[in-house]
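Trainee: How does the following fold in three dimensions:
(one chain, ligands or ions: 1)
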Amino acid sequence: MPEVHVSGLHKKFGDVTVLDNINFTIKEGEFFTLLGPSGCGKSTTLNSIAGLETPTSGSITVGGVPFVDTEKKLYMPTEERNLGMVFQSYALWPHMTVEQNLVMPLAIRKVSKEEKASRIHEALDTVGLAHLKDRFPHQLSGGQQQRVALARALVYSPSVLLLDEPLSNLDAKLREQSRAWLKRLQVELGITTVYVTHDQDEALSLSDRIAVMFEGKMTQIGTPAEIYEKPATAAVAAFVGSCNFFTGALEQISGGTAHVRLDNTGLVVKVASTLDLKPGDAVTVAVRPERLRITPSANAAGANVLETTVLTRSYVGSRYEYGLKLGSNVVQVVSPDGNLDGGVRLVFEPEDALLYAGASVPSAEAQELMTVAA
Ligand SMILES: Nc1ncnc2c1ncn2[C@@H]1O[C@H](COP(=O)(O)OP(=O)(O)OP(=O)(O)O)[C@@H](O)[C@H]1O
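Mentor: Predicted structure coming up:
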């Protein structure tokens, strides 16, 4: 299974740039996800690999074979790229049975009659639907239709699988089951896969590596753990998982620890950082809810111990989610303890927080959710 190499990809629609210098390499057999908010350019990137979109500039090679090289005006037709594709809509032919849906891509590729039958059986068997080959799409559940679409993409042994939000039409429970099933299948087949989603849970649980995109640019590429634990920007921290953000000013930085005076609180917190900053610089401190510890104890010990008040408490099954008032901020924290009330202490170590240059709480919406009147 080949390596996918995308280099210097740009795409403009009229005057609007929707892809701005996209570069990445996907290793053989890797599950690679393009993750980002709606309109950031994920599908345009995927469709450029598929040959459904023509990049304005850049190059794409798969297994060393050039698919696109705009300098040489080379654009390989979609049907010659041998890629398997599944879209959000499944796009099954409604008037054809499951088997007939799978015949079509083989007929286009002029596969012999005997080979057709064995390939169809094998593909349906792979997705666990060989017994439903005579049904029409309307006689199948959403999850089954999605599996047929996948079987149809696999039936001609594509070199790479391209999946554009294939689970988003399924209800939450089925989506979770399908996710686990899809991951097992991909590992079993060892097929290089490019997956598009705006769902961070899906990206984290399925991918070997994730590329996070915003406004046509690639902000960070890394393993799910790297993206979650070491987000490159505050925007990535906000988009992948929940995060508390506090703006402030740097007091001093030495020995890998920054002292930051938080706006609207007057409090100084210590945060691990290797950034090149000077006193007075505006910064943003980010802390995941699960990295904060709440304790009623007045003797709480830690590098950062902040006096707060419980505003809200919600039971969410495995834990409690608290909203705590800290100056004019509402801090989101999770705890197994459901009995915290009134004045409590918030404790965290410098390594539990992240520091970013500039005072930037990622979106107005996020800021609104996390701020109350002082
Ligand atoms: N044919 C087109 N003509 C003009 N603009 C387009 C066209 N196709 C896409 N766009 C614009 O390009 C940008 C990127 O679109 P794209 O579909 O790649 O985003 P996306 O990240 O996949 O979003 P979503 O998750 O909503 O599908 C969007 O602003 C979109 O409106």
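
Trainee: Walk me through the domains of the protein.
Mentor: Structural domains assigned to the chain are 4-235, 242-370, following automatic domain parsing.

Trainee: In a markdown table, list those along with distance to the ligand.
Mentor: All C-beta spots, glycine's among them, are computed from the backbone N, C-alpha and C. Written out in a markdown table, the entries for the domains of the chain read as follows (distance: least, CB to the nearest ligand atom, whole Å):
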| stretch | distance to the ligand |
| --- | --- |
| domain 4-235 | 3 |
| domain 242-370 | 16 |
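
Trainee: would JSON lines of those with mean neighbour count and mean pLDDT be doable?
Mentor: As requested, the domains of the chain are arranged in JSON lines below (neighbours: other CB atoms under 10 Å; pLDDT from 0 to 100):
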{"stretch": "domain 4-235", "mean neighbour count": "18", "mean pLDDT": "91"}
{"stretch": "domain 242-370", "mean neighbour count": "16", "mean pLDDT": "90"}
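
Trainee: so is residue 246 in a helix, a strand, or just coil?
Mentor: The assignment at residue 246 comes out as strand when based on DSSP: H, G, I helix; E, B strand; the rest coil.

Trainee: shouldn't it be in contact with residue 284?
Mentor: Yes - at 7.0 Å, residue 246 counts as touching residue 284 under the criterion of CB atoms under 8 Å.

Trainee: how close does residue 337 get to residue 296?
Mentor: Distance from residue 337 to residue 296, counting by CB to CB, to the nearest Å: 9 Å.

Trainee: got it, and residue 10?
Mentor: Spatial separation of residue 10 from residue 296 under the definition CB to CB is 56 Å.

Trainee: Excluding chain neighbours, what is closest to residue 281?
Mentor: Taking CB to CB, 6 or more residues apart in numbering, and ignoring the residues beside it in sequence, residue 281 has residue 250 as its nearest neighbour in space, at 4.6 Å.

Trainee: Ignore what I typed, I meant residue 309.
Mentor: By the measure of CB to CB, 6+ apart, the closest residue to residue 309 outside its immediate chain neighbours is residue 325, 4.7 Å from it.

Trainee: my guess is residue 324 meets residue 308, correct?
Mentor: Yes - taking contacts as CB under 8 Å, residue 324 lies within contact range of residue 308: 4.1 Å.

Trainee: Could you name every residue contacting both of the two?
Mentor: Common neighbours of residue 324 and residue 308, counting by CB atoms under 8 Å, 6 or more residues apart in numbering, are 294, 331, 344, 346.

Trainee: got CSV for these, with secondary structure too?
Mentor: Compiled in CSV, the shared contacts of residue 324 and residue 308 are given as follows (three-state DSSP):
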residue, secondary structure
294, strand
331, strand
344, strand
346, strand
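
Trainee: Residue 355: which of those is nearest?
Mentor: Nearest to residue 355, judged by CB to CB, of those is residue 331 at 16.7 Å.

Trainee: how close does that closest one get to residue 227?
Mentor: Using CB to CB, which is the criterion applied here, residue 331 is 23 Å from residue 227.

Trainee: now the helices for the stretch 151-300 of the chain?
Mentor: For the stretch 151-300 of the chain, the helices identified by DSSP state H, counting those that start in this stretch occupy 172-189, 200-206, 224-229, 234-239, in order along the chain.

Trainee: packing partners for the third one?
Mentor: I take that to be helix 224-229. For helix 224-229, the packing partners by 3 or more CB pairs under 8 Å, 6 or more residues apart in numbering; DSSP states H and E come out as helix 200-206, strand 209-214.

Trainee: let's go with 10 Å and repeat that
Mentor: The contact analysis (3 or more CB pairs under 10 Å, 6 or more residues apart in numbering; DSSP states H and E) places helix 224-229 against strand 31-35, helix 200-206, strand 209-214, strand 217-222, helix 234-239.

Trainee: cool, the first one as well?
Mentor: Contact partners of helix 172-189 among helices and strands, from 3+ CB pairs under 10 Å, 6+ apart: strand 31-35, helix 113-126, helix 142-154, strand 160-164, strand 192-197, helix 200-206.

Trainee: Touching that helix from outside, list them.
Mentor: 1, 29-31, 86, 126-128, 141-143, 146-147, 150, 154, 157, 161, 163, 166-170, 191-193, 195, 199, 201-202, 205-208 (CB atoms under 10 Å, 6 or more residues apart in numbering).

Trainee: quick one: the helix or strand hosting residue 101 to helix 113-126, angle?
Mentor: With the criterion set as DSSP states H and E, the secondary-structure element containing residue 101 is helix 98-108. Inter-element angle recorded for helix 98-108 and helix 113-126: 130 degrees (by axes from the mean of the first three to the mean of the last three CA atoms, to 10 degrees).

Trainee: Centre of the chain to helix 98-108, how far?
Mentor: Mean C-alpha position of helix 98-108 versus that of the full chain (CA atoms, centre = their mean, to the nearest Å) differs by 32 Å.
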